[in-house]
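> Kindly generate the corresponding structure for this input.
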Amino acid sequence: MEITYVVIIAVVAYILGAITKIFIDSVPNKYIPIQNVIIGIISALICFFTGVEPNLLQALVLCLVATMGAGGIADLINIKNK
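Numbers count the residues shown, from 1 in each chain. As a prediction, this is how the structure comes out:
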């Protein structure tokens, strides 16, 4: 079941990222964590309502940690490239 979380988070992140790129030209970096939290919450709700995770709190925590961790790794890669 763990891979299901990753797939759901990746799909939600891709869709929201595409929407952001289409409708908003440039998002300041200070709003990226807020976008990651929104992705985590939406992913958790999808996991909960599809029955992947029967506990809403656990789904929220797991998806939020995953999205914030991915955002942190992306920041580390960007800092390393600079």
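
> chain center to stretch 7-14, what's the gap?
Relative to its parent chain, stretch 7-14 has a centroid offset of 7 Å by CA atoms, centre = their mean, to the nearest Å.

> just for the chain, where's the confidence low?
Within the chain, the stretches with pLDDT under 70 are 1-2, 74-76, 78, 80-82.

> Show me what the host helix or strand of C47 is packed against.
Here C47, judged by DSSP states H and E, is contained in helix 32-49. If you count contacts as 3 or more CB pairs under 8 Å, 6 or more residues apart in numbering; DSSP states H and E, helix 32-49 packs onto helix 2-23, helix 56-81. All C-beta spots, glycine's among them, are computed from the backbone N, C-alpha and C.

> Turn these into TSV, including mean neighbour count and distance to I41.
Output for those, formatted as TSV (neighbours: other CB atoms under 10 Å; distance: least, CB to CB, whole Å):
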stretch	mean neighbour count	distance to I41
helix 2-23	13	10
helix 56-81	14	7
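
> closest to N29 out of the ones you listed?
Distance to N29, taken as CB to CB, is lowest for helix 56-81 among the helices and strands packed on helix 32-49, at 8.5 Å.

> how far off helix 32-49 does that closest one point, in degrees?
Relative orientation of helix 56-81 and helix 32-49, computed by axes from the mean of the first three to the mean of the last three CA atoms, to 10 degrees: 150 degrees.

> and helix 56-81, what does it pack onto?
With contacts defined as 3+ CB pairs under 8 Å, 6+ apart, the packing partners of helix 56-81 are helix 2-23, helix 32-49.
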